[in-house]
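Novice: next input, structure requested:
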Amino acid sequence: MQTLTRHQPIPVHPFEPDEATGSNLFNIARSAGGLPYEENLLLPHRKAYYMLVFVKHSRGRHWVDATPYERQDNALYFTAPSQILVKEAATPFWGTRLEFTDEFLALQQNAALRELPLIQNPHRGHELRLTAADEALVEELLAKIEAEHRRPGEWQHRMLTAYLTVLLTYLSRLYTEQFTGAEPSADQRLLKAYRAKVEECFRELHAVGAYAALFHISAGHLSEVVKAQSGKPAIKHLHERLVLEAKRLLLYTPLSLKELAFDLGFAEASYFNRFFKRETGVTPAEYRATIRKMYQ
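Specialist: I've put the predicted structure just below:
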């Protein structure tokens with residue numbers, strides 16, 4: 001296993017659009033003895049997306065948040081964007097890899113998935129052991145998801161959401177059965193509480209200090225804990241939530257940019273425009289035109 005140099009930041013691997021469909025939100029792929037497709041997996045890194053890997057057969061060891069895992073056959077491994085990953089060696093893999101972004105979870109029909117235990121991951125888990133019955137159901141659902149993903153059309157997103165909801169709900173039940181031990185640490189509880197408050201108050205409160213005041217702690221302490229636990233500054237969590245809501249409204253509502261900015265707590269539409277472009281690289285109007293064209 002390689003390590004980073006003292007001044008080398010932990011890299012974040014971006015979501016790679018699916019070559020077959022062009023989707024930049026969701027991807028699923030099977031492997032029959034292939035090697036990992038990403039470069040630099042042997043260096044510590046984070047992924048900018050959620051990943052579920054059903055391992056039919058593989059050998060080797062990898063690390064997640066400083067915990068080593070010997071890969072097991074007929075197991076499912078899951079990671080969230082905040083976790084630090086590293087492999088000790090590139091080894092052949094038989095199974096299925098499923099990836100999706102935070103933006104995918106923010107889509108209106110997928111919003112409930114965000115609250116599932118597997119996604120919230122309060123115990124910072126990574127591995128689920130599967131019985132023969134579990135394995136059969138997981139393989140069947142992954143096959144249905146893969147088939148639907150390759151079948152574009154009016155009903156594709158609803159079908160993907162339906163199958164994915166069953167899969168993640170089933171895995172969440174396994175999660176609650178297999179992770180019943182150690183309670184989350186105080187810092188992990190603070191991160192969860194901060195995320196919950198952001199979800200509740202992101203329209204009204206746009207400063208980290210305002211959230212720190214709710215917890216009766218300093219903004220510096222809140223920022224330090226959130227970054228240590230998630231890999232992202234506290235303000236980044238807040239900005240990402242604002243962007244996700246803005247993208248929802250741009251896609252699903254006819255609100256004008258001025259109305260949308262006001263709904264999200266911005267005093268001026270021009271400030272919202274600058275904020276959105278800084279965070280996404282495109283203006284709200286450009287995003288609305290592109291995303292509506294994609295989902296027609």
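
Novice: with adjacent residues omitted, what lies nearest to Phe15?
Specialist: Once flanking residues are discounted, Phe15 sits nearest to Tyr49: 4.5 Å by C-beta to C-beta, 6 or more residues apart in numbering. Every C-beta, even on glycine, is put in place using the N, C-alpha and C of the backbone.

Novice: now do the helices in this protein.
Specialist: All helices of the chain, identified by DSSP state H, fall at 102-106, 117-120, 132-149, 156-178, 186-201, 208-215, 219-230, 234-252, 257-263, 269-280, 284-294.

Novice: would you reformat the ones you listed as JSON lines and include mean pLDDT and mean neighbour count?
Specialist: Below are the helices of the chain laid out as JSON lines (pLDDT from 0 to 100; neighbours: other C-beta atoms under 10 Å):
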{"stretch": "helix 102-106", "mean pLDDT": "84", "mean neighbour count": "19"}
{"stretch": "helix 117-120", "mean pLDDT": "90", "mean neighbour count": "18"}
{"stretch": "helix 132-149", "mean pLDDT": "95", "mean neighbour count": "16"}
{"stretch": "helix 156-178", "mean pLDDT": "93", "mean neighbour count": "17"}
{"stretch": "helix 186-201", "mean pLDDT": "90", "mean neighbour count": "16"}
{"stretch": "helix 208-215", "mean pLDDT": "96", "mean neighbour count": "17"}
{"stretch": "helix 219-230", "mean pLDDT": "92", "mean neighbour count": "17"}
{"stretch": "helix 234-252", "mean pLDDT": "88", "mean neighbour count": "19"}
{"stretch": "helix 257-263", "mean pLDDT": "94", "mean neighbour count": "17"}
{"stretch": "helix 269-280", "mean pLDDT": "95", "mean neighbour count": "16"}
{"stretch": "helix 284-294", "mean pLDDT": "84", "mean neighbour count": "14"}
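
Novice: go ahead and confirm His237 touches Ala196.
Specialist: No - between His237 and Ala196 there is no contact under C-beta atoms under 8 Å: 11.1 Å.

Novice: quick one: closest of the helices of the chain to Arg30.
Specialist: Ranking the helices of the chain by proximity to Arg30 (C-beta to C-beta) places helix 132-149 first, at 7.0 Å.

Novice: okay, domains of this protein per the record?
Specialist: The record's domain split for the chain, according to the TED database, is 12-178, 186-295.

Novice: would you check that Leu238 makes contact with Arg203?
Specialist: No - at 10.9 Å, Leu238 does not count as touching Arg203 under the criterion of C-beta under 8 Å.

Novice: distance from stretch 23-34 to the middle of the chain?
Specialist: Offset of stretch 23-34 from its chain centre (C-alpha atoms, centre = their mean, to the nearest Å): 16 Å.

Novice: so which bits of it are buried?
Specialist: Ser23, Leu25, Phe26, Asn27, Ile28, Ala29, Ser31 (16 or more other C-beta atoms under 10 Å).

Novice: for stretch 62-80, same thing?
Specialist: Across stretch 62-80, burial judged by 16+ other C-beta under 10 Å covers His62, Trp63, Val64, Arg71, Asn74, Ala75, Leu76, Tyr77, Phe78, Thr79, Ala80.

Novice: on the pLDDT front, check Pro9 for me.
Specialist: Looking at Pro9, its pLDDT is 66.

Novice: scratch that, Leu76
Specialist: 96.

Novice: so who does it touch?
Specialist: By C-beta atoms under 8 Å, 6 or more residues apart in numbering, the contact list for Leu76 reads Leu52, Val53, Phe54, Val55, Glu127, Leu128, Leu130, Val138, Leu171.

Novice: now with 7 Å?
Specialist: With contacts defined as C-beta atoms under 7 Å, 6 or more residues apart in numbering, Leu76 is in contact with Leu52, Val53, Phe54, Leu128, Leu130, Val138, Leu171.

Novice: ditto for Lys258
Specialist: Residues in contact with Lys258 (C-beta under 7 Å, 6+ apart) are Ala269.

Novice: can we see that at 10 Å?
Specialist: Lys258 makes contact with Phe266, Glu268, Ala269, Ser270, Phe272, according to C-beta atoms under 10 Å, 6 or more residues apart in numbering.

Novice: the fourth one contacts Ala261, correct?
Specialist: To tie it back to what came earlier, the one meant is Ser270. Yes - at 8.5 Å, Ser270 and Ala261 qualify as touching, with contact defined as C-beta atoms under 10 Å.

Novice: many thanks, have a good one.
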